[in-house]
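**Student:** mind folding the following:
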Amino acid sequence: MTRQNNICVGARIRNLRQRSNISLRQLSRTADVSVSYLSAIEKDAVSPTLAMLRKILTALDSNFYDFFNDECSQADQYIFRKAGMQTAADSDREYTLLLPHREDIRIELMDENYFPGKELPEFEVFESDFAGYVISGELVLEVDNEPPTALNAGDAFYVPAGTKVRGYCEKERKARLITALYPRGCFNCPEKVSTLEKVSDYRKLLIAPRCSKIVSK
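**Tutor:** Residues are numbered from 1 along each chain as shown. Alright, predicted model coming up:
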């Protein structure tokens, strides 16, 4: 379930799609999501995960911050207070968007909480480079065909653009981390990912732990 301050996600997606003059079938092709599932989301019959919502918003040339924000950010603002930050969540993960979506801000910075789930999340693909630092708990990071790796508080990771990746918790305690996308870019773009996937040397996971190797607690 996706939630944010009681906002009707389905209605907002429908309004955004209609303002963009995009049909459900066109959105289905661009986002690689079935028409029936998109229709159910717009009717609020089902709630998309954060990963699914981000994929749909990218196809609509939008983003989390603009989608959930009702007010425009002030120009030339350098300090961003917690009260003005946007938060979205599903059953497995919670995002707090630390920076607004502005042309002069070229990085996407998030405070994320991962919660133990019954099922593994789907893989995600970012066009932008994706990095993170674990503040607390234990995060399991899985990249393509690489074996899962446990990251503990103080460990960091860097995943190049175009790499399939997913993170999750296996233990009872949640994991909290700060993540960044640079530069801001689209998410799950099939035409761009296919090009990046040809560059095999660019698809390695680089993990930067505190010691020479990561030790699970």
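**Student:** helix or strand for the residue nearest the centre of the chain, just tell me which one.
**Tutor:** For the chain, residue 51 is the residue whose C-alpha lies nearest the centre (CA atoms, centre = their mean; 5.6 Å). Assigned by DSSP states H and E, residue 51 belongs to helix 50-59.
**Student:** elements contacting that helix?
**Tutor:** Using 3 or more CB pairs under 8 Å, 6 or more residues apart in numbering; DSSP states H and E as the contact test, the elements touching helix 50-59 are helix 9-19, helix 24-31, helix 64-68, strand 86-89. For the C-beta atoms, the positions are set from N, CA and C on the backbone; glycine is no exception.
**Student:** let me know the average pLDDT across it.
**Tutor:** In this model, helix 50-59 has a mean pLDDT of 88.
**Student:** and for stretch 94-102?
**Tutor:** For stretch 94-102, mean pLDDT rounds to 87.
**Student:** who's in contact with it?
**Tutor:** Stretch 94-102 is contacted by residues 50, 63-66, 68-69, 73, 75, 77, 80, 85-89, 105, 107-113, 115, 178, 184 when judged by CB atoms under 8 Å, 6 or more residues apart in numbering.
**Student:** how about the strands in this structure?
**Tutor:** Ranges of strands within the chain are 86-89, 93-97, 108-114, 124-125, 129-136, 138-143, 149-152, 156-159, 164-168, 175-182, 206-208, based on DSSP state E.
**Student:** select, out of the ones you listed, the one closest to residue 28.
**Tutor:** Closest approach to residue 28 among those is made by strand 124-125 (18.2 Å; CB to CB).
**Student:** report the rounded mean pLDDT for that closest one.
**Tutor:** 88.
**Student:** ok, that strand: who's next to it in the sheet?
**Tutor:** Here strand 124-125 is paired, per DSSP bridges, with strand 164-168 (antiparallel).
**Student:** mind listing residues that contact the strand it pairs with?
**Tutor:** 92, 114, 117, 120-126, 130, 139-144, 159, 175, 205.
**Student:** ok, the residue nearest to residue 34 when sequence neighbours are not counted to residue 55 distance?
**Tutor:** Of all residues not flanking residue 34 in the chain, residue 28 sits nearest, at 6.2 Å (CB to CB, 6 or more residues apart in numbering). Residue 28 sits 11 Å away from residue 55, going by CB to CB, to the nearest Å.
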